[in-house]
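Engineer: Pasting the sequence and the predicted model now:
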Amino acid sequence: MNAPRNAFGVSPHWGAPPSARPSRTLGGRLVSASALLALGLLQACSQPTASGFFPLEAGHSWRYEQLSEWENNTQDKETVTLSTLGAESLPDHVPGSGKAWRRRSASGVDYWLRTDDTGIYRVATKTDLQAEPEADKPVRYVLKMPLAVGTSWQAPTTAYLLKRGAEFPPEIRHTHKPVLMTYQIAAVGEAVKTRAGEFSDCLRVQGTAVMKLFADPVVGFREMPLHSTEWYCKGVGLVKLERSEPTNNSTFLQGGKLVMELTEWQ
């Protein structure tokens, strides 16, 4: 899978995965992506305002269809499934230990989030190959307060779609350090239509970053843009994510686009 694990935990800008390991979910912030991007500080298990746009309590699940399309006209389609497992304590030896809300991707990644009056943020992740959760240092915001147009924050991201044409490994994310992406709430109260239904009262979050890469022998290094758009709807959470990583006619690289859309939730 070449998608971000971001907010959804998949996103999500749910945030970029640690650079030492590949990710199978979109978050970032591909998660985020990735995906899906995921996050939250537990205050006696209460749910402040921001969590209304990113449910954390146990018993929820989301299914998304994710379509990746590259500039060489190849495609990849897959299903991304996330669920909430409730509040639990992180081990004492993990930085930022204490209560946090746990999300799990069906691909085998767990995310721990907290929520407070600053917003919703991810504090740790763990793959099925790891013995213990790995702390996010610093924490990774999914949504930051106030939930108003203009509110912005930054989080590391990587290239989830950019590839080299003739090198191994082809994926840029395996060889280049993450870069900071700036996220901003671009709209509130939007309506969004997905295969899971039509939703109102949604936040639209825009993310922008650049990654300097060797484009070809003629132009040398060039700044490649990374763009992300995420929609969070009240009472539902992330309903749609779009990611764009064009190469601007590089002969050494190929970029692409990714769309992740909610198809079912509870």
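Structural biologist: That came through, no problem. Numbers count the residues shown, from 1 in each chain.

Engineer: ok, how many other residues are close to M224?
Structural biologist: 22 (other Cβ atoms under 10 Å). Placement of C-beta: from N, CA and C, glycine included.

Engineer: shaky segments in the stretch 51-200 of the chain?
Structural biologist: Residue ranges of the stretch 51-200 of the chain with pLDDT under 70: 95-96, 166-168, 173, 175.

Engineer: in it, which spans are strands?
Structural biologist: Along the stretch 51-200 of the chain, counting by DSSP state E, counting those that start in this stretch, strands occupy 61-70, 75-90, 98-105, 109-116, 119-127, 134-144, 152-157, 163-164, 179-194, 197-216.

Engineer: May I see the ones you listed arranged in CSV, with mean neighbour count and distance to S250 as well?
Structural biologist: Below are these laid out as CSV (neighbours: other Cβ atoms under 10 Å; distance: least, Cβ to Cβ, whole Å):
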stretch, mean neighbour count, distance to S250
strand 61-70, 20, 13
strand 75-90, 17, 20
strand 98-105, 24, 32
strand 109-116, 27, 31
strand 119-127, 26, 31
strand 134-144, 22, 29
strand 152-157, 23, 19
strand 163-164, 20, 10
strand 179-194, 16, 17
strand 197-216, 18, 4
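
Engineer: and T263, which of the ones you listed is closest to it?
Structural biologist: Closest approach to T263 among these (Cβ to Cβ): strand 61-70, 5.3 Å.

Engineer: residues in contact with the closest one?
Structural biologist: The set of residues external to strand 61-70 that reach it, using Cβ atoms under 8 Å, 6 or more residues apart in numbering, is 1-3, 8, 10, 26, 75-84, 161, 163, 195, 237-238, 254-266.

Engineer: out of the strands of the stretch 51-200 of the chain, which comes closest to Y232?
Structural biologist: That would be strand 197-216 among the strands of the stretch 51-200 of the chain, by Cβ to Cβ, at 4.6 Å.

Engineer: partners of that closest one in the sheet?
Structural biologist: strand 179-194 (antiparallel), strand 220-233 (antiparallel) (DSSP bridges).

Engineer: list the buried ones in the last one?
Structural biologist: In terms of neighbour count (16 or more other Cβ atoms under 10 Å), strand 220-233 has its buried residues at R222, M224, L226, S228, E230, W231, Y232, C233.

Engineer: Looking at these, which one is closest to G207?
Structural biologist: Nearest member of those to G207, counting by Cβ to Cβ, is S228, at 3.6 Å.

Engineer: Name whatever forms a beta bridge with the closest one.
Structural biologist: Here S228, judged by DSSP bridges, has bridge partners G207, R243.

Engineer: pretty sure it contacts Q206?
Structural biologist: Yes: with contacts counted by Cβ atoms under 8 Å, S228 reaches Q206, the gap being 7.2 Å.

Engineer: where do the contact lists of these two overlap?
Structural biologist: With Cβ under 8 Å, 6+ apart as the test, S228 and Q206 both reach Y183.

Engineer: Would you mind confirming that D117 is in contact with M145?
Structural biologist: Yes: with contacts counted by Cβ under 8 Å, D117 reaches M145, the gap being 6.2 Å.

Engineer: Please identify which of these two sits among more neighbours.
Structural biologist: The neighbour comparison of D117 against M145 (other Cβ under 10 Å) goes to M145, with 17 against 11.

Engineer: Return the residues in contact with that one.
Structural biologist: Contacts of M145 (Cβ under 8 Å, 6+ apart): T49, A50, D117, T118, G119, T151.

Engineer: Look up the residues forming beta bridges with the closest residue to it other than its chain neighbours.
Structural biologist: Here the nearest residue to M145 in space, its sequence neighbours aside, is G119; by Cβ to Cβ, 6 or more residues apart in numbering that works out to 4.7 Å. Judged by DSSP bridges, the bridge partners of G119 are D116, K144.

Engineer: any idea how far G119 is from F54?
Structural biologist: For G119, the distance to F54 equals 9 Å [Cβ to Cβ, to the nearest Å].
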